[in-house]
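Peer 1: structure, please.
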Amino acid sequence: MFCPKCGEQIEKGSSFCQNCGTAIEKRIAVEMPKKGFIKRIEQTFYFRIATFAWIVLFIAVSILTIYVVNLAERMNAIEKFFQIQAPKEDSRLFPPLGKAKQDVAKAQIELLGQALDRFRLDTGRYPSTQEGLNALMENPGINNWNGPYAKRKQIIGPWGNPYVYISPGLNGDYDLMSYGADGKKGGEGLNADIKSWDMK
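Peer 2: Reported below is the predicted structural model:
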């Protein structure tokens, strides 16, 4: 039994507290141990809940880690499989990128030639060297100009350099050319010049 006033334990059979002298009724004396017992039960219950929650969290994290590791291994295996199974590119079906850009440059030069011809039909002449290819998109102040005859992206070659335009040209009414991959006059292979008069 415990004293309801000071909480000290009371000797069995005693009717008062030896510590503070408080008279003890039997019905009161038995309440303290009951409350302490219930409190200990509550503390044990919450502790078990917290422990169970930590165990569940640990198991969930472990399962997730295992899943992620297995998924990464499977992805690596799939990637290696497709690398092995992928057929080698046939150069006849997939020409080198540089060669494809040369073909694009040739096609654009032909289209610009057609635009220059329409310009001449409307205005009676080709743009001068000073007016350049911009005259196909913006009227430089010429009568009967009925453009635009080309889009701005068409006067830029596949290597990002503008086409070179000279009029009158040394090889015709105008010379239109691309200086190739290096953007410099002359060169061989991918750096070779692509000229309008060589395609006529």
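Peer 1: which SSE is immediately downstream of the lengthiest helix in the chain?
Peer 2: Counting residues, the longest helix found in the chain (DSSP state H) is helix 31-85. Remark: after helix 31-85, the chain's next helix or strand is helix 97-123, criterion DSSP states H and E.
Peer 1: in that next one, what counts as buried?
Peer 2: K101, Q102, A105, K106, Q108, I109, L112, A115, L116, F119, T123 (16 or more other CB atoms under 10 Å). (Each C-beta comes from the backbone N, C-alpha and C, glycine too.)
Peer 1: same for that helix, what does it pack against?
Peer 2: Contacts defined by 3 or more CB pairs under 8 Å, 6 or more residues apart in numbering; DSSP states H and E place helix 97-123 against strand 175-178, strand 194-195.
Peer 1: among those, which is the most enclosed?
Peer 2: Among those, strand 175-178 has the highest mean neighbour count (mean count of other CB atoms under 10 Å), at a mean of 22.
Peer 1: pLDDT averaged over that one - what is it?
Peer 2: When pLDDT is averaged along strand 175-178, the result is 94.
Peer 1: contacting residues around that strand?
Peer 2: Under the contact criterion CB atoms under 8 Å, 6 or more residues apart in numbering, strand 175-178 has outside partners 105, 109, 112-113, 116, 157, 159, 161, 163-167, 169, 193-197.
Peer 1: let's see that with 7 Å instead.
Peer 2: 105, 109, 112-113, 157, 163-166, 169, 193-197 (CB atoms under 7 Å, 6 or more residues apart in numbering).
Peer 1: picking that back up, and the buried residues of helix 97-123 as JSON lines, adding pLDDT and distance to T44?
Peer 2: Compiled in JSON lines, those are given as follows (pLDDT from 0 to 100; distance: CB to CB, whole Å):
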{"residue": "K101", "pLDDT": "91", "distance to T44": "79"}
{"residue": "Q102", "pLDDT": "91", "distance to T44": "84"}
{"residue": "A105", "pLDDT": "92", "distance to T44": "84"}
{"residue": "K106", "pLDDT": "93", "distance to T44": "87"}
{"residue": "Q108", "pLDDT": "94", "distance to T44": "84"}
{"residue": "I109", "pLDDT": "94", "distance to T44": "89"}
{"residue": "L112", "pLDDT": "95", "distance to T44": "89"}
{"residue": "A115", "pLDDT": "95", "distance to T44": "90"}
{"residue": "L116", "pLDDT": "95", "distance to T44": "95"}
{"residue": "F119", "pLDDT": "96", "distance to T44": "95"}
{"residue": "T123", "pLDDT": "95", "distance to T44": "100"}
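Peer 1: returning to that earlier point: of all the contacts of strand 175-178, which comes closest to I59?
Peer 2: G157 (63.0 Å; CB to CB).
Peer 1: how close does R48 sit to I55?
Peer 2: Computed as CB to CB, to the nearest Å, the R48 to I55 distance reads 10 Å.
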